[in-house]
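Undergrad: A structural model of the following input is requested.
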Amino acid sequence: MSADWQLSGYTPVRQLGAGASGRVLLATHDATGAPVAIKYLTAALGDDPSFRTAFRDEAQLLVEVDDPHISRLYEYVESPQGAAIVMELVNGVSLRQMLRAHGPTEPEAALCVLKGSLAGLAAAHARGVVHRDYKPENVLVGLDGQSKLADFGIAVPVGRDGGGSVSGTPRYMAPEQWTGAPAGPACDIYAATATFFECLTGRPPYDGRDLITLRNQHAQAPIPTEAAPPPVHELLRHGMAKQPADRPQPAEVFLAELERTAAAAYGADWEERGLRELARRAALLAALFPFPDGTGGATSLASTTFGAA
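TA: Model (predicted):
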């Protein structure tokens, strides 16, 4: 793969970020002028035939997922020079940036994040797509306080079975993920709940300094509910249950439990107050937005395609 390869039909504007799975560029679609985010996969992923085959299959499903809680995948393109994913551009900041800058949120705001996440996961799971690497970096919050999931199935090798390999982000990985077992919807529910815990407390549920300790904590340590407000303890116990079968599934079931818990504990207007707090926090970080003046982003291209260059 060539590090200099660029996808035709798009004009790059600037780099938005980079990580283990690739670099993300803000670009414009030449035919429509619409802003998009393009993720150029690292050579380690793009050159792996098993990754390409599996992700190609999954991308065909992802392009059909049109949900307000998911950063939509418009196009996956591969060529001898490289592989890239064209995604909806969300004009906002990641939950990670927000927590780093302002610390834990009020319970209502954390519940709003979890609600949006479960809604997005439900839409993906209905198509047979599992995120596999849910974490605060992959939740984007806009000026309206609404959140979207990003980077579906991109950050980790995608496969129909685990093949004995462990993939994901250790602080948010469900116990079964550590064994290399096939990732399923229950893994996403666990990771979303672990992120919910971090919204509430400012830290992940487990803090092991090495992988062996973290693995043991996720598999055996009690769920540290005492650090969170008492009204949400049952949500944490259910969503982070050690056994996948003990977690509420599908995601809609957990979503209904969340709605009941939130209304009973924080009143009928809990969501309105939570969104207001998230919007306020996002506005304080507007300088980090792809479009700091609030314009652009969350655009929709005229059509969705799946191609090979």
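
Undergrad: List the buried residues of the longest strand seen in the chain.
TA: In the chain, with assignment by DSSP state E, the single longest strand is strand 10-19. Residues of strand 10-19 classed as buried by neighbour count (16 or more other C-beta atoms under 10 Å): 10, 16. Bear in mind the C-beta positions are built from the backbone N, C-alpha and C, glycine included.

Undergrad: so where's the protein shaky on pLDDT?
TA: By pLDDT under 70, the low-scoring segments of the chain are 1-3, 19-21, 43-48, 50-52, 54-55, 57-59, 61, 152-168, 293-309.

Undergrad: how does it divide up, domain by domain?
TA: Using automatic domain parsing, the domains assigned to the chain come out as 10-90, 92-287.

Undergrad: Pairing partners for the longest strand of the chain, with directions?
TA: strand 22-29 (antiparallel) (DSSP bridges).

Undergrad: Flag every buried residue along the partner strand.
TA: Neighbour-count burial for strand 22-29, counted by 16+ other C-beta under 10 Å, picks out 22, 24-29.

Undergrad: Could you do stretch 210-221 as well?
TA: Neighbour-count burial for stretch 210-221, counted by 16+ other C-beta under 10 Å, picks out 214-215, 217-218.

Undergrad: one step back: can you redo the buried residues of strand 22-29 as TSV with distance to residue 273?
TA: Output for those, formatted as TSV (distance: C-beta to C-beta, whole Å):
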residue	distance to residue 273
22	37
24	32
25	36
26	32
27	37
28	37
29	37
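
Undergrad: Just name the closest of those residues to residue 256, please.
TA: residue 24 (34.2 Å; C-beta to C-beta).

Undergrad: That closest one touches residue 39, doesn't it?
TA: Yes. Here residue 24 lies in contact with residue 39, judged by C-beta atoms under 8 Å, at a distance of 4.9 Å.

Undergrad: Just give the number of residues close to the spatially closest residue to residue 183 that is not a sequence neighbour.
TA: If the residues on either side of it in the chain are set aside, residue 183 comes closest to residue 132, at 4.6 Å by C-beta to C-beta, 6 or more residues apart in numbering. Counted with other C-beta atoms under 10 Å, residues neighbouring residue 132 total 25.

Undergrad: likewise the one 5 residues further on?
TA: Other residues within reach of residue 137 by the criterion other C-beta under 10 Å amount to 18.

Undergrad: show me the contacts for it.
TA: Neighbouring residues of residue 137 by C-beta atoms under 8 Å, 6 or more residues apart in numbering: 19, 94-96, 151.

Undergrad: was I right about the residue nearest to residue 183 contacting residue 185?
TA: No. Residue 132 is beyond contact range of residue 185, at 10.5 Å (criterion: C-beta under 8 Å).

Undergrad: Helices of this structure, residue ranges please.
TA: Under the criterion DSSP state H, the chain carries helices at the ranges 43-46, 49-62, 95-102, 107-126, 185-201, 211-220, 233-239, 251-266, 270-284.

Undergrad: right, so of the ones you listed, which gets closest to residue 142?
TA: Comparing the helices of the chain by C-beta to C-beta, helix 270-284 comes nearest, at 6.3 Å.

Undergrad: what residues does the closest one touch?
TA: Contacts for helix 270-284 (C-beta under 8 Å, 6+ apart): 92-93, 98, 101-102, 105-106, 108-113, 115, 141-147, 262-263, 266.

Undergrad: Right, I'll call it a day here.
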